[in-house]
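Engineer: Provided below for reference: sequence and predicted model.
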Amino acid sequence: QVQLVESGGGLVQTGGSLRLSCAASGRAFSNYVMAWFRQAPGQERQFVAGITTSGRGTAYADSAKGRFIISRDNAKNTVYLQMNSLKPEDTALYYCAARSGGSIYSTLSSYGTWGQGTQVTVSS
């Protein structure tokens, strides 16, 4: 099983960019489908983006399409979320999640391992 630690969050102005990182420790990172979720205050945690074990397949929520890019480096046991053209509504706690193999799913219950989250705040 992997353990996940997110980093890279912070305060940014509208239109700015941030790159989130999720470092995994443990064994066989390349066997895990990885995803990013986010949770704004008072709202449910929502899928943002996912990436297959090889990195060749990706999926995005409609709110992320065209602005966010998910990628992974299996040699570094790390998955990234490049976020561009940020909006105030992107403000949330961003979580990294992992599931062992399979496909990319957008449901929380599909992922068995979660990080602690990193805060992203976009000011208007």
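Structural biologist: Noted; the coordinates are in hand. Numbering: from 1, shown residues only.
Engineer: where does pLDDT dip in the chain?
Structural biologist: Along the chain, the model assigns pLDDT under 70 to no residue.
Engineer: with adjacent residues omitted, what lies nearest to the spatially most central residue of the chain?
Structural biologist: By CA atoms, centre = their mean, the chain has its centre lying nearest to residue 36, at 2.3 Å. Distances taken as CB to CB, 6 or more residues apart in numbering place residue 48 nearest to residue 36, at 4.4 Å, with adjacent residues excluded. No exception for glycine: its C-beta is placed from N, CA and C like everyone else's.
Engineer: the one you found: how many residues sit nearby?
Structural biologist: 24 (other CB atoms under 10 Å).
Engineer: same thing with residue 122?
Structural biologist: Residue 122: 20 neighbours (other CB under 10 Å).
Engineer: host element of the residue nearest to the centre of the chain?
Structural biologist: strand 32-39 (DSSP states H and E).
Engineer: tell me what that strand is packed against?
Structural biologist: strand 18-26, strand 46-51, strand 68-73, strand 78-83, strand 92-100 (3 or more CB pairs under 8 Å, 6 or more residues apart in numbering; DSSP states H and E).
Engineer: what residues of the first one count as buried?
Structural biologist: To tie it back to what came earlier, the one meant is strand 18-26. 18, 20-24 (16 or more other CB atoms under 10 Å).
Engineer: what does the second one give?
Structural biologist: Along strand 46-51, these residues count as buried under the neighbour rule (16+ other CB under 10 Å): 47-51.
Engineer: quick revisit: in JSON lines, list the buried residues of strand 18-26 along with distance to residue 64.
Structural biologist: As requested, the buried residues of strand 18-26 are exported to JSON lines (distance: CB to CB, whole Å):
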{"residue": "18", "distance to residue 64": "13"}
{"residue": "20", "distance to residue 64": "12"}
{"residue": "21", "distance to residue 64": "17"}
{"residue": "22", "distance to residue 64": "16"}
{"residue": "23", "distance to residue 64": "21"}
{"residue": "24", "distance to residue 64": "21"}
